[in-house]
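> need coordinates for the below:
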Amino acid sequence: MNQQAAVIDIKTKQYHVIDGTKLQCDRIDAPEGASVTFPVIGFFGDFKATGQAKATVVKHYLGEKRVVMYKTKRGHDRHRTGSRPRMTLLRIDSVNKEVIK
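Now for the predicted structure:
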């Protein structure tokens, strides 16, 4: 089985994927178990090809908490805030290649 390494574009971010890998990305508007398709920007070793990557949504979850602390100059006032990003776990099923002539 010949696996193609590719770069895909998901919500203006680029990810390096091959067939069968799992990928964490920002939340996607698709239910769990749904099949989604993403455009391939380029393949490694063949830059004159495009294509599509098919993936399955495994689950939606909250990522690890990012903590931010603020202090004033004299140290009298401190604020601690944080957020948990909403994430999606994808399984890349296949990467299809289309050669541009």
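> just the buried positions in the helix or strand harbouring A53, please.
A53 belongs to strand 49-62 when assigned by DSSP states H and E. By neighbour count with 16 or more other C-beta atoms under 10 Å, strand 49-62 contains the buried residues 50-51, 53, 55, 57. The C-beta positions use only the backbone N, C-alpha and C, and glycine is treated the same way.
> average model confidence for it?
In this model, strand 49-62 carries a mean pLDDT of 93.
> give the partner strands of that strand in its sheet and their orientations.
Sheet pairing here is set by DSSP bridges, and for strand 49-62 it gives strand 35-43 (antiparallel), strand 86-99 (antiparallel).
> bridging residues for the closest residue to G33 other than its chain neighbours?
Once flanking residues are discounted, G33 sits nearest to V57: 6.5 Å by C-beta to C-beta, 6 or more residues apart in numbering. Counting by DSSP bridges, V57 forms beta bridges with L90.
> in the protein, where is pLDDT below threshold?
When residues are selected by pLDDT under 70, those of the chain lie in 1-2, 47, 99-101.
> now the one residue sitting closest to the centre of it: how far from Q4?
With distances taken as C-alpha atoms, centre = their mean, C25 lies nearest the centre of the chain, 3.1 Å away. According to C-beta to C-beta, to the nearest Å, C25 and Q4 sit 19 Å apart.
> contact partners for the residue nearest to R91 when sequence neighbours are not counted?
Counting by C-beta to C-beta, 6+ apart, R91 lies nearest to T56, which is 4.9 Å off, once chain neighbours are set aside. T56 makes contacts with 33-36, 90-91, 93, as judged by C-beta atoms under 8 Å, 6 or more residues apart in numbering.
> including neighbour count and distance to K11, could those go into JSON lines?
Listed next are these as JSON lines, based on neighbours: other C-beta atoms under 10 Å; distance: C-beta to C-beta, whole Å:
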{"residue": "G33", "neighbour count": "9", "distance to K11": "20"}
{"residue": "A34", "neighbour count": "11", "distance to K11": "16"}
{"residue": "S35", "neighbour count": "10", "distance to K11": "17"}
{"residue": "V36", "neighbour count": "16", "distance to K11": "12"}
{"residue": "L90", "neighbour count": "24", "distance to K11": "12"}
{"residue": "R91", "neighbour count": "14", "distance to K11": "18"}
{"residue": "D93", "neighbour count": "14", "distance to K11": "19"}
